[in-house]
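Novice: Got a sequence here, can you model it:
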Amino acid sequence: MEDNDEIQEESYQETRKAQAEHHMRMRFGWDDLIEELIQEGQEKGSFDNLRGHGKPLDLKQNSFRGEWDLAHRIMKDNDVVPPWISDRKEALAAVTIFREDLQRQWPRYRQAYQLAAGEGQRTALILEWDERCRAWELQIVRINKGISNFNLRRPRGQDNMELFKLSLTEELQRIGASRNLSK
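Specialist: Modelled structure (predicted):
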């Protein structure tokens, strides 16, 4: 009976020692533990019959993307652009057209005002410029609506792609123009 108790005690001590070693590895040696588990799996043949064994990795597929990965891959394979990218391109094109028009019109009106012969011509140019600025304000409302649509539809985490709304005052300042033609 004493031999049996000694054997049980030794077995208990070995189990406690193995548990203590395992506990220490879990706390301090993650890299070593993982490496050991991989090595043990290789020795047992756990990795021998995995799907795709011996074939090159498909690096086009990103398993971290999640639920949209399949949709994006299908769109890419069929040359379809995601709607939020189309929205961004349209908004940027509208901003470019607006800015080119503003850049073209300001010097023309400014020069015409400076060369105007009389007060009547200047008043007519001031009224025309004011009307042009009102039309631009309406255009900016439409552009800003497109910008808002894009900003709402773009994927989360794409903060670097955010578009900022336009303001006529800021756009005029950007090119050194004024809302008031006579200034």
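Novice: any idea how far the one residue sitting closest to the centre of the chain lies from L138?
Specialist: Centroid-nearest residue in the chain: Q158, 1.9 Å away (criterion: CA atoms, centre = their mean). Remark: distance between Q158 and L138 (CB to CB, to the nearest Å) = 29 Å. Every C-beta, even on glycine, is put in place using the N, C-alpha and C of the backbone.
Novice: Not counting sequence-adjacent ones, nearest residue to A116?
Specialist: Take A116 and drop its neighbours on the chain: the residue closest to it by CB to CB, 6 or more residues apart in numbering is R122, 4.6 Å away.
Novice: residue contacts, that neighbour?
Specialist: Residues counted as contacts of R122 (CB atoms under 8 Å, 6 or more residues apart in numbering) are Y113, A116, S182.
Novice: To which secondary structure element is it assigned?
Specialist: helix 119-153 (DSSP states H and E).
Novice: Of all the residues in stretch 83-96, which ones are buried?
Specialist: W84, D87, R88, A91, A94, V95 (16 or more other CB atoms under 10 Å).
Novice: got the contact list for the nearest residue to the fourth one once chain neighbours are set aside?
Specialist: Think A91. Counting by CB to CB, 6+ apart, G146 is the residue found nearest to A91 once chain neighbours are left out, at 4.3 Å. Taking CB under 8 Å, 6+ apart as the criterion, G146 is in contact with D87, E90, A91, A94.
Novice: Can I get the residues you listed in JSON lines including pLDDT, secondary structure and distance to E171?
Specialist: Formatted as JSON lines, the contacts of G146 follow (pLDDT from 0 to 100; DSSP: H, G, I helix; E, B strand; the rest coil; distance: CB to CB, whole Å):
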{"residue": "D87", "pLDDT": "90", "secondary structure": "helix", "distance to E171": "21"}
{"residue": "E90", "pLDDT": "94", "secondary structure": "helix", "distance to E171": "19"}
{"residue": "A91", "pLDDT": "95", "secondary structure": "helix", "distance to E171": "15"}
{"residue": "A94", "pLDDT": "97", "secondary structure": "helix", "distance to E171": "13"}
